[in-house]
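# Requesting a structural model of the entry that follows:
(chains A and B)
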Protein chains: 2
Amino acid sequence: MRMNRRTAIGLAATGAVGAATTAALVAQGPESHPVAAGQHGSAAAVPFYGDRQAGITTPMQDHLHFVAFDVVTTKREQLVDLLQTWTAAAARMTAGLDAGTLGAVGGAPEAPPDDTGEALGLPPSGLTLTVGFGPSLFRDAAGKDRFGIADRRPEALQELPRFPGDAIEAGISGGDLCVQACANDPQVAVHAVRNLARLGMGVVSVRWSQLGFGRTSATSRAQATPRNLFGFKDGTRNLKAEETAALDEHLWVPGADGPAWMVGGTYAVVRKIRMLVETWDRTSLTEQEAIVGRTKGEGGPLGRTNEFDEADFALQGADGEPAIGEVAHIRLAHPSNNQGARLLRRGYNFVDGSDGLGRLNAGLFFISYQRHPGRQFVPVQQKLARHDVMNEYIRHVSTGVYACPPGVRAADEHWGATLFG
Amino acid sequence: MRMNRRTAIGLAATGAVGAATTAALVAQGPESHPVAAGQHGSAAAVPFYGDRQAGITTPMQDHLHFVAFDVVTTKREQLVDLLQTWTAAAARMTAGLDAGTLGAVGGAPEAPPDDTGEALGLPPSGLTLTVGFGPSLFRDAAGKDRFGIADRRPEALQELPRFPGDAIEAGISGGDLCVQACANDPQVAVHAVRNLARLGMGVVSVRWSQLGFGRTSATSRAQATPRNLFGFKDGTRNLKAEETAALDEHLWVPGADGPAWMVGGTYAVVRKIRMLVETWDRTSLTEQEAIVGRTKGEGGPLGRTNEFDEADFALQGADGEPAIGEVAHIRLAHPSNNQGARLLRRGYNFVDGSDGLGRLNAGLFFISYQRHPGRQFVPVQQKLARHDVMNEYIRHVSTGVYACPPGVRAADEHWGATLFG
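Numbering: from 1, shown residues only, chains lettered A, B, ... in the order given. Next up is the predicted model:
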């Protein structure tokens, strides 16, 4: 039976949709419709239950609402209760249902609605909700074990170091918990984040949140490579869902790494990167291409032709200089120059209005997933922060790192069950 | 011949797309594909040339990027030159071409590209660009006639008064010029605004800008009514494209109103309205519906059943009280209680992250078009500002009013030609 908010409203009003049927409603088979850049993503549902969390290797949607929360309760049982409540709501919303077991329309009229309503009538829109736990959840800044889980903090979950040139704003960084909401309709992603925040009242508080559009990667070979706000194709060499062996090597936490509760999970590194697009736009095409190391139109590595041609770092131009400069972005970031380190990137473009100085407040909301940030993101970013000429045009203003546990396999499990269980 | 950025890139590189062919490329016949809420809008082009500006009665797209500029030159000819340059770029971009006559790829390699590139390969996506002129363009705060057009300022173009409860921030209000960019792909809307800003360097400076998603009106009977972030259907009774007589009465400036250069144009009133959604979400369903005057699910006027039923303001409930309260939003705003005043609304939802106090910085970016703001928006808003219970949940933080001239009919005309000609 296919069902979404459209049909659910009527049933909710008659009481026919209860908790018992939610699991059945959301246990739909895999449905994904990979799309090219410039085409809209699918309105269908992405399965919520599974060994892995959705929203990592599943096809990238068109829109992002990322949110980080601070936990404001000191009571472990309140936090675990909320994670259970959130999981049930996430299962419903990703299936295109409203957030509560009875929706705005069927709820008690004298109580606040169980759903905020702005997604009533909208299809699932590929919504995925991906949860992560920040280092501060395990031990606060004063070193206190807040919820009896300090000894479960993974060795791989360390606050990121300060990189040269960082201009980090604490108010839009970190957080005890994060949720990445991605959907092909921004109203659906916003609705999901808002309802999680609503359900968390008194237990968590929104620390910061960010909207994004125009994915800056592909996570499947069936998705065309999109463009970032420098106008270049981004994510050509991204780790993709089809590379199953590489995903096991670079993305998913294996039993050998531990801890046990993170096996099958991964780590998210998030960086809000302001781009000084007005300055970039005054730079010549030649200079832009030299900085990136690719052509702007086709996206081929300099000296080669097509986007997916392998970069040839030994190739020289007629002038005897390397076709791809020594500090070109793609040379510095290439796995062959970083002990083979690869990431799965899942970033989005953002424009947060303008900055009061006549410039758009625009850039890239970088999200990457990896098996071990300290061995993947951190060394690559150390190199980029020191040498990349692109740094003249960007500022890292926000940072976060989160442990994303394995997936919720069935309705009797919940986010964090492996951590708090 | 159908053409978009995809095919244009190759032609631009060979020099085959010149200014002479632009007009032919963009002079496509009417194409519009009205869509229901939750479905994505069309990727096709909306005609740029016409007696009226597009982006007013044409079907609402899924995304908005609104920008206001300050003119930084004192030279009239520089301003007129820019308006000509902008018009040519707007004609190209709305047709799905890049901003310049030669694109990023075909341009001179040692010069900055003629297009910023992030929309290369994307279809027209229904892009419309709608220009408006603020009161300050005619005469600055000191009363100076900046560009020799002070005597052409329409009587109807007056700064809006301060309304009770207003919390206006000057930095995100006003502006000498505005452009409303709407598209079914946000990357296409952002690309257009960015390229206009790039082309305007030294002549104009971005004063403020705002992104929006999830249209909060329909401008055609073929579009389903969407929902705002209070979760209610919004724009049920909006002035719609099919009501041609009402458009003549309430929207388009007739010859009798003048000035001559505005005949066939209209006036935009823009208000950024922050919604305190967390407070709203703690309010009971009954209270929410009483404040709005409609049911949340179906959207019918209280006491009636269906969304499009006429509100019956005389109807009493079993308790003898009016079914629609004396200060319900739809009663206060209804034309029958406002000397028949109607508006064409074209607003969008927004979420600008969070506010540092644990709340989403969310709301409604209200845009309305009308024949005379002082007789339409202003008296209705005076009433709402004084009596609407909804004010407990909203804050008007930004304001703007702009004269939107008639359309550009052919490639030898330009934005502002009737004003500066």
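
# Now name the helix or strand holding the closest residue to A:T74 other than its chain neighbours.
Excluding its sequence neighbours, the residue lying closest to A:T74 (C-beta to C-beta, 6 or more residues apart in numbering or on different chains) is A:R146, at 6.9 Å. In this view, the C-beta of every residue, glycine as well, is placed from N, C-alpha and C. Element membership of A:R146, judged by DSSP states H and E, is empty: it is in no helix or strand.

# What residue in the stretch 151-300 of chain A comes nearest to chain B?
Here the stretch 151-300 of chain A gets closest to chain B at one residue, A:G231, 2.3 Å apart by C-beta to the nearest C-beta.

# what's the answer for the stretch 301-421 of chain A, then?
A:G358 (3.7 Å).

# Can you give me the distance of A:A88 to chain B?
Note on A:A88: its distance to chain B, by C-beta to the nearest C-beta, to the nearest Å, is 18 Å.

# need the next SSE after the host helix or strand of that residue, C-terminal direction.
Assigned by DSSP H and E, A:A88 belongs to helix A:76-94. Remark: after helix A:76-94, the chain's next helix or strand is strand A:128-133, criterion DSSP H and E.

# tell me how far the very next helix or strand once past that following strand is from the chain's mean position?
Once strand A:128-133 ends, the next helix or strand along the chain (criterion: DSSP H and E) is helix A:135-138. The gap between where helix A:135-138 is centred and where its chain is centred comes out at 19 Å by C-alpha atoms, centre = their mean, to the nearest Å.

# Give me the mean pLDDT for helix A:135-138.
In this model, helix A:135-138 has a mean pLDDT of 98.

# Can you name the residues in contact with that helix?
For helix A:135-138, the external contacting residues (C-beta atoms under 8 Å, 6 or more residues apart in numbering or on different chains) are A:71, A:145-147, A:149-150, A:152-153, A:157-159, A:174-177, A:401.

# which of those residues count as buried?
Neighbour-count burial (16 or more other C-beta atoms under 10 Å in any protein chain shown) applied to the contacts of helix A:135-138 gives A:71, A:146-147, A:149, A:152-153, A:157, A:174-177, A:401.

# OK, contacts around A:A89?
By C-beta under 8 Å, 6+ apart, A:A89 lies in contact with A:99-100, A:195-196, A:199.

# now do A:F69
Residues near A:F69 by C-beta under 8 Å, 6+ apart: A:175-179, A:197, A:200, A:204-207.

# Check A:A192 too.
A:65, A:90, A:93-94, A:99, A:119, A:127, A:129, A:179, A:181, A:183.

# coming back round to it: where's the residue nearest to A:T74 relative to chain B, distance?
From A:R146 to chain B the distance is 18 Å (C-beta to the nearest C-beta).

# A:M93 too?
Note on A:M93: its distance to chain B, by C-beta to the nearest C-beta, is 14 Å.

# and the closest residue to that residue other than its chain neighbours, which of the three is it?
Once flanking residues are discounted, A:M93 sits nearest to A:A192: 5.0 Å by C-beta to C-beta, 6+ apart. Recorded secondary structure, A:A192: helix (DSSP: H, G, I helix; E, B strand; the rest coil).

# per-residue pLDDT, A:A192?
A:A192 is given a pLDDT of 98.

# likewise A:H33?
If you check A:H33, the pLDDT there is 35.

# With the one 10 residues further on instead?
Reading off the per-residue confidence, A:A43 sits at a pLDDT of 93.

# what about it, which helix or strand?
For A:A43, there is no enclosing helix or strand under DSSP H and E.
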